[in-house]
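Asker: Kindly return the folded structure for what I paste below:
(chains A and B)
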Amino acid sequence: MTTDTQHSLDKSYIESYSKANNEPEWFTSFRLAALEKMDTLEMPKPDKTKIDRWNFTSFKQHTVENKAYDSIDALPEEVKALLDLEGEVKNLYVQLNQTPGLLTVSEKLKEQGVIFTDIFTAVKDHPELVQKYFMTEAVKVDEHKLAAFHAALVNGGAFLYVPKNIQVEEPIQAVFVHDNADAPLINHVLIVADTNSSVTYVENYLSLNVEAEGVANIIAEVIANDGANVKFGAVDTLASGITTYVNRRGYTERDARLEWSLGLMNDGDTISENITNLYGDGSIGDTKTVVAGTGKQTENFTTAVINHGKRSEGFILKHGIAKESSTIIFNGIGKIEHGASGANAQQESRALMLSERARADANPILLIDEDDVQAGHAASVGRVDPMQLYYLQSRGIPKDEAERLIIHGFLAPVVTQLPIEGVKKQLTEVIERKIR
Amino acid sequence: MAGSTLVLKDLHVSIEDKEILKGVNLEIKPGEFHAIMGPNGAGKSTLASAIMGHPAFEVTEGSVTLDGQDVLEMEVDERAQAGLFLAMQYPSEIPGVTNADFIRSSINAQRGEGNEIPLMQYIKKLDKTMEYLEMDLNMAQRYVNEGFSGGEKKRNEILQLMMLEPSIAILDEIDSGLDIDALKVVAKGINSMRSENFSCLMITHYQRLLNYITPDYVHVMMNGRIVKSGGPELAKRLEAEGYEWIKEELGIKDEAELNA
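Answerer: Next up is the predicted model:
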């Protein structure tokens, strides 16, 4: 992207944008404070990937206007394919670029006091919740330049709140459609699961007809209060011209459980961070990630689980393939803080390289500051096992098909975990497309 | 399928430049059951692997033909599609791929596009065959050979054999690691395949297997060659007397007669 298209980012722009967006004063101030910090903060430093020359912050215009969708029928086919349309009511939010496109919430959920809405409605209507958790507990505004950039310029997202003791049975789904690369996707998802509640949330990031270069800056924060149980699924399929920074962060209180199933299938350069802070005693964080690198893209995936609480347990499972000239880097971090006695930190990262030019790297890191703990890691980077190929071929399966089966099998531990059939099917199809 | 004839002529096979097979001749006609016995290191498993096309083995001389077609020119999957099957001594584990999907993919690969086995027909056949082999039906949904015991893996090989219905099966030490009950079940499966359209090459250390599956021919392999051939009685004598007598017998004969 050339510099002459750089959008001018200043205080007066943010003030006017915030005003036009009818944001309350505290949110305007929050943005402005972030903007002020931006220049002094450094870029994040993903281990083993140099991002100096990547464009994360330059774009043509901050937002684009779109029309909302009239109904589920009016959604693009690519979005419909993600929905389990056989079921009756959907708890669904669809966003088109920066415009809230469609929202449906079942009567049952409303009666239970569950809040599910676009992020700006939440900022206006539920300040007591949003102000408490928006980039305060999980991701901090001053972590690095891209966090501050995000806070200053967030232009979309969703909010989900599940009250105390409420068990939400049907999954809640958000689809973020990006079809205009001129405007960056600066998207924030905030999920708060109150004491002893449970919920399953699945999100898709989807590029439609985007050939141009653009920027995505995505943050998801998940707060699981005492005893809450959150399942978070995601499939990202942003286009090859989009440079993505995506940060999914969790925070668990006592005996809470947070499970991530992430299908990170962007076609463009991507820096992904997924960190779970297990603050509460006895809380559990479980991260399953599957990735597929193709073309010339470079992707860096940092997954960390940090045990603060006693007897807290963290699990990381990452499987990825690298094709063509792609590079995938896995950084897995299991960190046990002092005082987290009885904690458990386990991780496994495996990568398959499918071509001579592809590069994959798996860096397992264990940082342990407590004696009475369990920890373990396994990491491997390799190629498709010729003995597996021989075995499958000896049953008549041609080599290409055998390789395809082995790769699908290799990625299955994560794919099978996704809670919505439509999304699971889509992820399988995306993988299929990528490995062909 | 109308049965096939497999012919090995003067087959020489090396691994990492070490010659293991030094000229094997063998002909298997439709409906015939052959057994190859021999001490460790004789080259029995190499023979099985070379016929199927194991990537580590290199054929340096000789030919393998199936109904006149050159097997050595075929890819591994083409050999299977031509009717060959190898029940492996150490079957691979394929994580993430269910047994049911794997076997169905195999059947469909052999039937070809547009002629896939109807799903219900497949499931019925799979269930029936698994019951016949006294297998836990849940094993269909488990990942291929992953976490299977040695005996379960062998049974799973026979399950694939029965589902794929090849014209020629090579069984590489299908009896190793099986207790007597499991051996009987495996033998029952193999015997159920017996017909004029199916032939079999069993590779084994022990006579024990041949008590349950009677071969038409028994061959003794030593030092990379078939040194003696006979009927089932040969296996019985080997069981009773070991291999020493053959060595002695052959020690006084010249090499040209050994391959006769």
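
Asker: Roughly how far does residue B:232 sit from residue B:37?
Answerer: Between residue B:232 and residue B:37 the distance is 11 Å, computed by Cβ to Cβ, to the nearest Å. In short, each C-beta sits where N, CA and C put it, glycine included.

Asker: and what of residue A:281?
Answerer: With Cβ to Cβ as the criterion, residue A:281 and residue B:37 are 64 Å apart.

Asker: who's more crowded, these two?
Answerer: residue B:37 (26 against 18; other Cβ atoms under 10 Å in any protein chain shown).

Asker: Next up, phi/psi of the more buried one, please.
Answerer: The phi/psi pair for residue B:37 (degrees, to the nearest 10) reads phi -120, psi 170.

Asker: Pull the contacting residues for it.
Answerer: Residues near residue B:37 by Cβ atoms under 8 Å, 6 or more residues apart in numbering or on different chains: B:44, B:204, B:205, B:206, B:207, B:218, B:219, B:220, B:221, B:235, B:238.

Asker: Against residue B:54, how distant is it?
Answerer: 21 Å.

Asker: now do residue A:24
Answerer: For residue A:24 relative to residue B:54 (Cβ to Cβ), the value is 71 Å.

Asker: So these two - more neighbours on which side?
Answerer: Set residue A:24 next to residue B:54 and count neighbours by other Cβ under 10 Å: residue B:54 wins out with 21 against 15.

Asker: For that one, which non-adjacent residue is spatially closest?
Answerer: residue A:390 (6.1 Å; Cβ to Cβ, 6 or more residues apart in numbering or on different chains).

Asker: Also residue A:311?
Answerer: Leaving aside its sequence neighbours, residue A:311 sits nearest to residue A:342 (Cβ to Cβ, 6+ apart; 4.0 Å).

Asker: got the residues of chain B near chain A?
Answerer: Proximity of chain B to chain A is confined to B:52-55, B:75-77, B:79-81, B:85-86, B:88, B:91-97, B:101-103, B:105-106, B:109-110, B:143, B:160, B:164 under the rule Cβ under 8 Å from any Cβ of the partner chain.

Asker: From the residues you listed, which land in helices?
Answerer: Of the positions in the residues of chain B next to chain A, B:52, B:76-77, B:79-81, B:101-103, B:105-106, B:109-110, B:160, B:164 sit in helices, assigned by DSSP state H.

Asker: Taking chain A, what residue is nearest to chain B?
Answerer: residue A:409 (2.8 Å; Cβ to the nearest Cβ).

Asker: ok, and for the strand or helix carrying that residue, which residues are buried?
Answerer: Following DSSP states H and E, one finds residue A:409 within helix A:399-415. By neighbour count on 16 or more other Cβ atoms under 10 Å in any protein chain shown, the buried set for helix A:399-415 is A:401-415.

Asker: ok so, going back, how many neighbouring residues does the closest residue to the residue of chain A closest to chain B other than its chain neighbours have?
Answerer: In this structure, residue A:409 finds its nearest non-sequential neighbour in residue B:96, 2.8 Å apart by Cβ to Cβ, 6+ apart. Using other Cβ under 10 Å, the number of residues around residue B:96 comes to 21.

Asker: so what does the helix holding residue A:409 touch, helix or strand wise?
Answerer: Under the contact criterion of 3 or more Cβ pairs under 8 Å, 6 or more residues apart in numbering or on different chains; DSSP states H and E, helix A:399-415 touches strand A:257-264, strand A:284-293, strand A:313-322, strand A:344-353, helix A:386-393, helix A:421-435, strand B:94-98, helix B:99-111.

Asker: Report whether the fourth one contacts chain B.
Answerer: Read it as strand A:344-353. No: using Cβ under 8 Å from any Cβ, strand A:344-353 stays clear of chain B, with a minimum separation of 9.9 Å.

Asker: quick one: buried residues of that strand?
Answerer: Buried-residue list, strand A:344-353, by 16+ other Cβ under 10 Å: A:344, A:345, A:346, A:347, A:348, A:349, A:350, A:351, A:352, A:353.

Asker: can you tell me which residues contact the fifth one?
Answerer: The one in question is residue A:348. A:316, A:317, A:318, A:377, A:378, A:379.

Asker: ok so, going back, between the ones in helices among the residues of chain B next to chain A, which sits nearest residue A:311?
Answerer: Nearest to residue A:311 among those is residue B:101, at 38.8 Å by Cβ to Cβ.

Asker: Quick one, grab the pLDDT at the residue of the stretch 101-250 of chain B found nearest chain A.
Answerer: Nearest residue of the stretch 101-250 of chain B to chain A, counting by Cβ to the nearest Cβ: residue B:106, 3.7 Å away. At residue B:106, the model reports a pLDDT of 97.

Asker: do the same with residue A:88
Answerer: According to the model, residue A:88 carries a pLDDT of 62.

Asker: Over to residue B:257?
Answerer: Per the predicted model, pLDDT is 45 at residue B:257.

Asker: before we move on, what about residue B:132?
Answerer: For residue B:132, pLDDT reads 98.

Asker: ditto for residue B:246
Answerer: In this model, residue B:246 is scored at 89, pLDDT.

Asker: Confirm it sits in a helix?
Answerer: Yes: Residue B:246 forms part of a helix when assessed by DSSP: H, G, I helix; E, B strand; the rest coil.

Asker: For it, give me its contacts.
Answerer: Counted by Cβ under 8 Å, 6+ apart, residue B:246 has contacts B:220, B:222, B:227, B:228, B:238.

Asker: measure it to residue B:23 for me?
Answerer: 18 Å.

Asker: distance of the residue in the stretch 51-200 of chain B that chain A sits nearest to from residue A:415?
Answerer: Of all residues in the stretch 51-200 of chain B, residue B:96 sits closest to chain A, at 2.8 Å by Cβ to the nearest Cβ. For residue B:96, the distance to residue A:415 (Cβ to Cβ) stands at 9 Å.

Asker: list residues touching both of those two?
Answerer: Jointly contacting residue B:96 and residue A:415 under the rule Cβ under 8 Å, 6+ apart are residue A:408.

Asker: Next, residue 209: phi, psi?
Answerer: Unless you meant another one, I'm taking chain A. Dihedral angles of residue A:209 (phi, psi; degrees, to the nearest 10) stand at phi 50, psi 30.

Asker: That was the other one, I meant chain B.
Answerer: According to degrees, to the nearest 10, residue B:209 has phi -60, psi -40.

Asker: Please look at it and residue B:180 and confirm they touch.
Answerer: No: proximity of residue B:209 to residue B:180 does not meet the contact threshold set by Cβ atoms under 8 Å, at 11.1 Å.

Asker: more crowded one of those two?
Answerer: Each of residue B:209 and residue B:180 has its neighbours counted (other Cβ under 10 Å); residue B:209 has more, 25 against 8.

Asker: which residues does that one contact?
Answerer: Residues near residue B:209 by Cβ under 8 Å, 6+ apart: B:35, B:174, B:175, B:183, B:187, B:202.

Asker: Residue B:46 - nearest residue in space that isn't next to it in sequence?
Answerer: Sequence neighbours aside, residue B:20 is the residue nearest to residue B:46 in space, at 4.4 Å (criterion: Cβ to Cβ, 6+ apart).

Asker: And the pLDDT for the one you found?
Answerer: At residue B:20, the pLDDT value in this model is 96.

Asker: Check residue A:72 too.
Answerer: 91.

Asker: Now do the phi/psi pair for it.
Answerer: Per degrees, to the nearest 10, the backbone of residue A:72 is at phi -60, psi -40.

Asker: burial measure for it, as a count.
Answerer: Applying other Cβ under 10 Å, we find 15 residues neighbouring residue A:72.

Asker: Can you name the residues that contact residue 179?
Answerer: Picked chain A for this. Here residue A:179 is in contact with A:96, A:97, A:207, A:208, A:209, A:210 (Cβ under 8 Å, 6+ apart).

Asker: wrong one, I was asking about chain B
Answerer: So, once contact is read as Cβ under 8 Å, 6+ apart, residue B:179 ends up touching residue B:151.
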